[in-house]
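Trainee: dropping a prediction and its sequence here:
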Amino acid sequence: QVQLVESGGGLVQAGGSLRLSCAASGGTFSSYAMGWFRQRPGKEREFVAGISRSGGRTIYADSVKGRFAISRDNAKNTVYLQMNSLKPEDTAVYYCAAGLGVVGRATSSIRAYDYWGQGTQVTVSS
């Protein structure tokens, strides 16, 4: 059983930056593809960014491409989401997720992820 704990959320002004972290325990971190999703008020959970097991492949939602960057440190069992040029519409609860069956690629499919964190709130003020 994998446990995921997100941190780094908070309140930031539009145009600002935040870095989210997700610490994993209870499994072999390098065996999981990782992803970040978000859920905005009144909306369904949506894909933000994904990264392959080795970190060599990444994928982004069009809405964050060029502003957000996902990375991972397998030695620290941690995945990151660097968020720059934040907009009010980025306000959401951000979740990290781990997918065991995703091999050699990153994926945006929510069904591919087996484990989820509790989420961290990001609020961007205008």
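Mentor: On my side now, so go ahead.
Trainee: please make it C-alpha for all contacts and neighbour counts, starting now.
Mentor: Noted.
Trainee: report the contact partners of the residue sitting nearest the centre point of the chain.
Mentor: By CA atoms, centre = their mean, the chain has its centre lying nearest to residue 36, at 2.1 Å. Taking CA atoms under 8 Å, 6 or more residues apart in numbering, we find residue 36 in contact with 47, 48, 49, 50, 81, 94, 95, 96, 97.
Trainee: just the buried members of those?
Mentor: Among these, those classed as buried by neighbour count (16 or more other CA atoms under 10 Å) are 47, 48, 49, 50, 81, 94, 95, 96, 97.
Trainee: if I look at the residue nearest to the centre of the chain, how far off is residue 45?
Mentor: 10 Å (CA to CA, to the nearest Å).
Trainee: again with residue 121
Mentor: Counting by CA to CA, the gap from residue 121 to residue 45 is 13 Å.
Trainee: who has more neighbours out of those two?
Mentor: residue 121 (19 against 16; other CA atoms under 10 Å).
Trainee: what bridges to residue 73?
Mentor: residue 78 (DSSP bridges).
Trainee: pretty sure it contacts residue 56?
Mentor: No. Here residue 73 does not reach residue 56: they are 11.6 Å apart, not a contact under CA atoms under 8 Å.
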